[in-house]
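*Asks:* this one's sequence-less:
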């Protein structure tokens, strides 16, 4: 297998390992275990689970025959490629990645979790070319709701935040709504399934100011609806439709400011069916395949391959 690269991503809720190159593109990931009713994990608990599980993802790839001769190793080492961005759970992927690279005598290439999302989304949307040209990108996840202006930077990209939420993320709103409804955490898939049970449209328009919006008021609206005995399906529809509406309006406003730039969507929330349909129709947005929209290491492996091909510049 020519120039096969392996990447690790140990985010706050998923342990992932992936290989890319030599005709292979495979990712194996596993959600971290969150206690029933909880809204997340402490970093120490997340880190401990990653330590116990990362080698299992690699072993699974090996058992399936996906791993050949490794030419380089990569890992996401922080959430974003900006000064001060740090989260302890990424130390697991970085540490094991650097150790593996040293043992194999191959280079190690770090990247950010967000850069990995963008790379995986571009590749799975069959738009690898976006990595080498300016575009707009949404990172919609449990911890992030950011609209980015992306530009090429060596083998990877530079992402400038131009809009998004000023408080809780879309993923946090969806997860908190799900937990209030008794759904398992993270709640995206379960809330999406409840959407089809809705029999009423409840209107709420989030205010948009200079590409920025707040979702904390939505959380209070959800609590009020629950206290009034509103059907779970209607609450699910209310939450998803409201998030979809404000994300679409923000995107359309950004397209007026930066006309002609493609829009790429990644992150777990980007796998929502209603959001995807509205964004594709309303602004021609491009989406990662659902399995590469959620946290994964494939984007890290792709960036590692790009770094290797370009001699490690950037």
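*Replies:* Cool, the structure landed. All of these numbers come straight from a predicted model, not from anything done at the bench.
*Asks:* need the helices for the stretch 201-314 of the chain, in chain order.
*Replies:* In the stretch 201-314 of the chain, the helices defined using DSSP state H, counting those that start in this stretch lie at 216-227, 232-257, 273-283, 290-293, 298-309.
*Asks:* burial count for the residue nearest to residue 81 when sequence neighbours are not counted?
*Replies:* Of all residues not flanking residue 81 in the chain, residue 112 sits nearest, at 4.2 Å (Cβ to Cβ, 6 or more residues apart in numbering). To be clear about C-beta, it is placed using only N, CA and C from the backbone, and glycine gets the same treatment. Using other Cβ atoms under 10 Å, residue 112 has 22 neighbouring residues.
*Asks:* three-state assignment of the spatially closest residue to residue 78 that is not a sequence neighbour?
*Replies:* Computed as Cβ to Cβ, 6+ apart, the closest residue to residue 78 that is not its neighbour in sequence is residue 85, at 4.6 Å. Judged by DSSP: H, G, I helix; E, B strand; the rest coil, the three-state class of residue 85 is coil.
*Asks:* Now for residue 50, how many residues are close by?
*Replies:* Neighbour tally, residue 50, other Cβ under 10 Å: 28.
*Asks:* I'd guessed residue 308 sits against residue 108; true?
*Replies:* No: Residue 308 lies out of contact with residue 108 (Cβ atoms under 8 Å); the separation is 10.7 Å.
*Asks:* Return every residue with contacts to both of those two.
*Replies:* Jointly contacting residue 308 and residue 108 under the rule Cβ atoms under 8 Å, 6 or more residues apart in numbering are residue 72.
*Asks:* Compare the helices of the stretch 201-314 of the chain and give me the one nearest residue 5.
*Replies:* With Cβ to Cβ as the measure, helix 298-309 is the member of the helices of the stretch 201-314 of the chain nearest residue 5 (4.0 Å).
*Asks:* Just the residues contacting that closest one, thanks.
*Replies:* Applying Cβ under 8 Å, 6+ apart, the contact partners of helix 298-309 are 3, 5-9, 16, 18-21, 25-27, 71-76, 107, 109, 111, 115-121, 123-124, 131, 154-156, 292, 313-314.
*Asks:* What does the residue nearest to residue 78 show for phi and psi?
*Replies:* The phi/psi pair for residue 85 (degrees, to the nearest 10) reads phi -70, psi 120.
*Asks:* in stretch 35-48, what's buried?
*Replies:* 40, 41, 45, 46, 47 (16 or more other Cβ atoms under 10 Å).
*Asks:* Any idea how far apart the tips of that stretch sit?
*Replies:* 15 Å (Cα to Cα, to the nearest Å).
*Asks:* Same check on stretch 144-164?
*Replies:* First residue to last in stretch 144-164 (Cα to Cα) measures 9 Å.
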